[in-house]
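Visitor: structure, please.
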Amino acid sequence: MARHCQLTGKKANNAFSISHSHRRTKRLQEANLQDKRVWWPQGKRWVKLRLSTKAIKTLQHKGLEAMAKEAGINLNKC
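Guide: Numbering: from 1, shown residues only. Below you'll find the model as predicted:
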């Protein structure tokens with residue numbers, strides 16, 4: 001399973017680790033992803049999604065149906 005948010009598309013960011021002597025080494029800043037079961041009222045069932053924590057907060061405000069439509073996800077297949 002790819003490490004990206006299914007609703008927002010957030011994924012890892014390339015960055016540098018900088019030591020005290022200012023030596024820079026490449027590293028990845030991974031997105032904070034959580035496996036989440038979300039109730040889908042229109043489908044009358046639970047849907048399992050891999051979401052970033054930012055998406056979970058937005059989901060509470062917008063709703064699952066609206067966010068899935070923006071992301072182009074078919075909830076029947078999740």
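
Visitor: list the buried ones in stretch 70-78?
Guide: Neighbour-count burial for stretch 70-78, with 16 or more other C-beta atoms under 10 Å as criterion, is recorded at Ile73, Leu75. All C-beta atoms are positioned from the backbone trio N, CA, C, and that covers glycine.

Visitor: quick one: mean pLDDT over that stretch.
Guide: Throughout stretch 70-78, pLDDT has a mean value of 90.

Visitor: that one: end-to-end distance?
Guide: Taking C-alpha to C-alpha, to the nearest Å, stretch 70-78 runs 16 Å from one end to the other.

Visitor: contacts made by it with the rest, please.
Guide: Residues from elsewhere that reach stretch 70-78, judged by C-beta atoms under 8 Å, 6 or more residues apart in numbering: Gln6, Leu7, Thr8, Gly9, Trp40, Gly43, Val47, Lys48, Leu49, Leu64, Glu65, Ala68.

Visitor: just give the nearest non-adjacent residue to Thr25, would you?
Guide: With C-beta to C-beta, 6 or more residues apart in numbering as the measure, Ser17 is the residue that lies nearest to Thr25, at 5.0 Å, once sequence neighbours are left out.

Visitor: burial of the one you found, as a residue count?
Guide: Each residue near Ser17 was counted by other C-beta atoms under 10 Å, and the total is 9.

Visitor: check which helix or strand it maps to.
Guide: strand 13-18 (DSSP states H and E).

Visitor: how near is the closest residue in space to Leu49 that isn't next to it in sequence to Lys57?
Guide: When the adjacent residues along the chain are set aside, Leu49 lies closest to Gln6, with 5.1 Å between them (C-beta to C-beta, 6+ apart). In this view, Gln6 and Lys57 are 15 Å apart by C-beta to C-beta, to the nearest Å.

Visitor: so the two - more neighbours on which side?
Guide: In this view Gln6 and Lys57 are compared by other C-beta under 10 Å, and Gln6 has more residues nearby, 22 against 11.

Visitor: secondary structure element holding the more buried one?
Guide: Using DSSP H and E, Gln6 sits in no helix or strand.

Visitor: could you check how far it is from Lys36?
Guide: With distances taken as C-beta to C-beta, Gln6 is found 10 Å from Lys36.

Visitor: for the protein, what spans make up the strands?
Guide: Residue ranges of the strands in the chain, as given by DSSP state E, are 13-18, 24-29, 33-40, 45-52.
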